[in-house]
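**Student:** have a look; sequence and predicted model below, questions after that.
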Amino acid sequence: MHKKTIGWIAAAAIVAVAGVVLVLAVNGHFSGKQERETGIGAILPMTGGAAYVGQSCREGMELATVQFKEAHPDGKIRLLVEDSANDPKTGLNALRKLRDVSNVPIIACVMSAVAEAVLTQFPEQPSLLSVVSQSRSTLNRPNTFRYFLSSDKETGAMANFLVKKGAKRAAFLYVNDEFGLDALECFTRHYSSAGGNVVIRESFEKTGSQLADIITKTLAANPEAIFFAGYGAPIAIIAQRLRESNYTGHICSFSSFMAPAVIKQAGNAANGVFVTTTSFDPTNPGTPEQTRFVEAYSAKYGRRPDHYAAYSYDLISIFLQSWSAGGYKMDRALEEMKNIRAYKGVIGVASCDKNRDFQFPVGVKVVADGKLVNL
């Protein structure tokens, strides 16, 4: 072979090897700084009647990712938010965009109706659920984790509370979606088992239309307690209407009643309402974890967090901790999450059960001057 030809071949080989070395170096194979990056897609209600929920959840998730980046500079996180408007079809479109365009390997989803639509169509999708009360949301969905009080837990706590109070005839009012329907089934089951009787069941729309007629019909049944499940303006209006009617029985609601937007709208009508809740109270943090979270959130966003922000913060923190412990690999991160026991989070001490549903203590407190008070 001609010497000049051999020289060109040798030069080409050197250039090729140099190119490979450069690619490997850029990707960290020689530097020891292997790129570790993942995207978390968040499907949140950023518009509509539940937008206040989406905003709080987003901020809780953002704070968790910022703190993780500060502690783990080698773990790179992107939080990509898509609006569901608390609508199942819009939520499905958001998932498709996150999966097919942004290529995120895992999603965080809130609101029962949206999560149910997403996971019914994509049961294998790695998912992190918060503000999802639907009691069976993780069943037969092997990569789904929920960090929130289920309707089963909240209604069980309230059913036992009411029976102990001597209230054995209750009304149940519920928002007409997956959350409300599941809450109705759970409360009826728990209350009946405890010796109570649901004397009237009435659903209401997310818009709160026809609530005056519903309240009139409910009061005519003469219940000893009225328990309502929903979110946003309608549940504030229910409390107001009941106070205006001079109802003297027990007025009860889910933890969703303690959202600042609801408490503000309910005004004085919120006083005396019994709610199911965890140990987290942003006005009176009782653990180091709660204190640090309230201080960090307040410094970043200029106001106290609500329980939605706290749940979302804990959930993303748990995932990122598991992702790091699993060597920044998604399959190992999910396995790490399954084995979490006695996690000291903002909401309380939580453990992942066999259905990938995190469990923590739940009780009943009463609202006084916009704050939760122990009974």
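**Tutor:** Yep, it's here.
**Student:** who's in contact with the residue nearest in space to the middle of the chain?
**Tutor:** Central residue of the chain (Cα atoms, centre = their mean): Ser130, 1.7 Å from the mean position. Contacts of Ser130 were listed using Cβ atoms under 8 Å, 6 or more residues apart in numbering, and they are 57, 108, 110, 146-148, 308, 311-312, 315. Placement of C-beta: from N, CA and C, glycine included.
**Student:** same thing but at 6 Å, please
**Tutor:** 110, 147-148, 311-312, 315 (Cβ atoms under 6 Å, 6 or more residues apart in numbering).
**Student:** can you name the element that comes right after the one helix or strand Glu59 maps to?
**Tutor:** Element membership of Glu59, judged by DSSP states H and E, is helix 51-71. Counting by DSSP H and E, the next helix or strand C-terminal to helix 51-71 is strand 76-83.
**Student:** show me what the following helix or strand past that next one is packed up against.
**Tutor:** Downstream of strand 76-83, the first helix or strand assigned by DSSP H and E is helix 88-100. Helix 88-100 is packed against strand 37-44, helix 112-121, with contacts defined by 3 or more Cβ pairs under 6 Å, 6 or more residues apart in numbering; DSSP states H and E.
**Student:** how much space between Arg169 and Ser193?
**Tutor:** If you measure Arg169 against Ser193 using Cβ to Cβ, to the nearest Å, the figure is 16 Å.
**Student:** more neighbours: which of those two?
**Tutor:** Arg169 (17 against 12; other Cβ atoms under 10 Å).
**Student:** ok, that one to Gly232 distance?
**Tutor:** Distance from Arg169 to Gly232, by Cβ to Cβ: 28 Å.
**Student:** rewinding a little: max pairwise distance over the contacts of Ser130: which two?
**Tutor:** Val110 and Tyr147 (10.6 Å; Cβ to Cβ).
**Student:** three-state assignment of Val104?
**Tutor:** Of the three states, Val104 takes coil under DSSP: H, G, I helix; E, B strand; the rest coil.
**Student:** that one touches Glu37, doesn't it?
**Tutor:** No. With contact defined as Cβ atoms under 6 Å, Val104 and Glu37 do not form a contacting pair (11.1 Å).
**Student:** if you count what's nearby, which of these two comes out ahead?
**Tutor:** Taking other Cβ under 10 Å, Val104 and Glu37 do not tie; Val104 has more neighbours (21 against 10).
**Student:** dump the residue contacts of the more buried one.
**Tutor:** 39, 41, 98.
**Student:** what do you get if the cut-off is 10 Å, keeping everything else the same?
**Tutor:** 38-42, 78-80, 82, 95, 97-98, 126 (Cβ atoms under 10 Å, 6 or more residues apart in numbering).
**Student:** swap in Arg292?
**Tutor:** Contacts of Arg292 by Cβ under 10 Å, 6+ apart are 67, 285, 346.
**Student:** this protein - how does it break down into domains?
**Tutor:** Following automatic domain parsing, one gets these domains for the chain: 37-148+305-344, 152-277.
**Student:** okay, how far is it across the first one, tip to tip?
**Tutor:** Domain 37-148+305-344 has an end-to-end distance of 26 Å (Cα to Cα, to the nearest Å).
**Student:** what's the average pLDDT for it?
**Tutor:** For domain 37-148+305-344, mean pLDDT is 96.
**Student:** what's the neighbour count on Gln125?
**Tutor:** Neighbour number of Gln125 under other Cβ under 10 Å is 19.
**Student:** now do it against Asp331, distance only.
**Tutor:** Taking Cβ to Cβ, one finds Gln125 at 14 Å from Asp331.
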